[in-house]
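*Asks:* requesting a structural model of the entry that follows:
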Amino acid sequence: MSGYEFGVGDDMNVANQGRFHQPGYVALHLVFRTAGFLTYLICSLIISSFVTSFVIVVVFLSFDFWIVKNVTGRKLVGLRWWNYVNDDGESKWIYESRKPEELKLLSSKEKNIFWIALVAFQGIWIALAFVALFTISLKWFVSLTRCPLPDRLVTTRAQS
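*Replies:* Residues are numbered from 1 along each chain as shown. Below is the predicted model of the structure:
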């Protein structure tokens with residue numbers, strides 16, 4: 001478990017609800033969401049090796065997953081989660097969100113951008129999976145059905 005209070009030290013002004021409080025985190029979120037997608041599109045044009053392209057896409061999606069889980073999810077929407085193993089060897093999942101009074105301090109624009117980007121890019125990946133399936137590009141279909149999996153886990157766990 002953590003030794004610090006969730007949200008302590010975040011200086012946000014309730015009066016500026018419509019403004020961006022943390023534009024750097026919003027940009028970071030959008031850059032990493034876009035990086036995996038653009039890499040998928042560009043790698044097939046530049047690199048002839050499927051394995052190399054696949055690895056590069058998975059690495060970018062892993063970066064995206066880490067950023068969403070550890071940075072932007074916490075800063076933009078007030079969610080965090082982790083797993084630890086207790087003394088009995090049991091795996092425990094811890095899910096936290098900010099207190100309701102602290103949630104009011106988060107920018108509604110930033111929250112909307114976070115969730116829209118999270119859901120929209122999942123829709124794009126699903127559409128690309130169907131394109132790969134119907135164009136008989138089985139190797140890319142496999143990559144499209146495997147790579148976005150961590151995002152689906154974050155979305156599912158964050159909403160429950």
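*Asks:* and the residue sitting nearest the centre point of the chain, what's its pLDDT?
*Replies:* For the chain, the residue nearest the mean C-alpha position is residue 68 (3.5 Å; Cα atoms, centre = their mean). Residue 68 carries a pLDDT value of 90.
*Asks:* do the same with residue 132
*Replies:* 77.
*Asks:* can you check residue 12 too?
*Replies:* Per the predicted model, pLDDT is 49 at residue 12.
*Asks:* now swap in residue 145 and tell me
*Replies:* Reported pLDDT for residue 145: 61.
*Asks:* likewise for the one 10 residues further on?
*Replies:* Confidence per residue is given as pLDDT, and for residue 155 that number is 47.
*Asks:* ok, now the one 5 residues further on?
*Replies:* Reading off the confidence values, residue 160 has pLDDT 46.
*Asks:* show me where the chain dips below the pLDDT cut-off.
*Replies:* 1-18, 136-160 (pLDDT under 70).
*Asks:* ok, now with 50
*Replies:* Scanning the chain for pLDDT under 50 picks out 1-4, 8-9, 12-16, 148-149, 151-160.
*Asks:* strands of that one, start to end?
*Replies:* 79-85, 91-97 (DSSP state E).
*Asks:* out of the ones you listed, which one sits most buried?
*Replies:* Across the strands of the chain, averaging neighbours per residue (mean count of other Cβ atoms under 10 Å) puts strand 79-85 on top, at a mean of 14. Just so you know, the C-beta spots here come from the backbone N, C-alpha and C atoms, and that holds for glycine as well.
*Asks:* got the angle between that strand and strand 91-97?
*Replies:* With axes from the mean of the first three to the mean of the last three Cα atoms, to 10 degrees defining the directions, strand 79-85 sits at 160 degrees from strand 91-97.
*Asks:* by contact count, what packs against strand 79-85?
*Replies:* On a contact count with 3 or more Cβ pairs under 8 Å, 6 or more residues apart in numbering; DSSP states H and E, strand 79-85 meets helix 73-76, strand 91-97, helix 149-159.
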